[in-house]
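K.L.:
3D, please:
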Amino acid sequence: MPGFREFRIRLRPAGAPGPAAPGGVPGDRSGELMTELQPPLTRLDDTAAEADRIRAEAAREADERRLAARRQAEETVREARAHALDVRNETAARIRREAAAEAERADAVSRRETEALQARARARTPDLAARIVARVAADLGLPDERGGPE
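P.N.:
Numbering: from 1, shown residues only. Next up, the predicted model:
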């Protein structure tokens with residue numbers, strides 16, 4: 001139900017105050033407002049449609065970018081895994097080379113120590129053998145090499 005204000009607007013005079021004018025019609029203010037507001041509202045509808053189109057385009061572009069980023073990430077992971085295998089193989093080869101070099105160094109050290117031990121043994125053997133022979137000869141009561149019992 002229209003309020004008092006709307007009722008009063010409908011009954012306001014159509015012309016200047018004074019004697020009654022023939023055929024006066026109350027003004028259609030709501031029609032005038034609609035006529036006046038129609039162009040800006042139409043432009044707002046166009047703007048809202050454009051905003052919807054821009055949002056839809058942005059959402060589509062965001063989906064494309066997410067998909068491209070996902071593909072890039074998958075490719076990066078594939079490349080990293082392939083590269084990791086190469087790095088593991090290179091590391092294993094380097095460790096094997098280092099271990100072989102260390103084994104060669106240890107073998108050379110042991111050969112030198114063995115040769116030194118053998119040289120000491122060769123140097124000490126005649127003296128040790130002579131002492132043992134002298135002791136056995138003394139135990140048996142045999143004359144020693146110098147000509148008499150010890």
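
K.L.:
three-state assignment of Pro143?
P.N.:
Local secondary structure at Pro143 is given as coil here, using DSSP: H, G, I helix; E, B strand; the rest coil.

K.L.:
next SSE after the helix or strand bottoming out on mean pLDDT in the chain?
P.N.:
Among the secondary structure pieces of the chain, namely its helices and strands, helix 4-10 has the lowest mean (mean pLDDT, DSSP states H and E), a mean of 69. Per DSSP states H and E, the first helix or strand lying C-terminal to helix 4-10 is helix 29-140.

K.L.:
which strands and helices sit next to that following helix?
P.N.:
With contacts defined as 3 or more Cβ pairs under 8 Å, 6 or more residues apart in numbering; DSSP states H and E, helix 29-140 has no packing partner among the helices and strands. Every C-beta, even on glycine, is put in place using the N, C-alpha and C of the backbone.

K.L.:
What is the burial count for Val133?
P.N.:
13 (other Cβ atoms under 10 Å).

K.L.:
Give me the pLDDT value at it.
P.N.:
At Val133 the predicted local confidence, pLDDT, stands at 89.

K.L.:
how close does it get to Arg120?
P.N.:
With distances taken as Cβ to Cβ, to the nearest Å, Val133 is found 20 Å from Arg120.

K.L.:
can you list the weak-confidence ranges in this protein?
P.N.:
Along the chain, the model assigns pLDDT under 70 to residues 1-2, 7-28, 144-150.

K.L.:
switch to 50 and redo it
P.N.:
Across the chain, residues meeting the criterion (pLDDT under 50) sit at 148-150.

K.L.:
chain center to stretch 100-113: distance?
P.N.:
Shown here is stretch 100-113, whose average C-alpha point lies 43 Å from the average C-alpha point of the whole chain (Cα atoms, centre = their mean, to the nearest Å).
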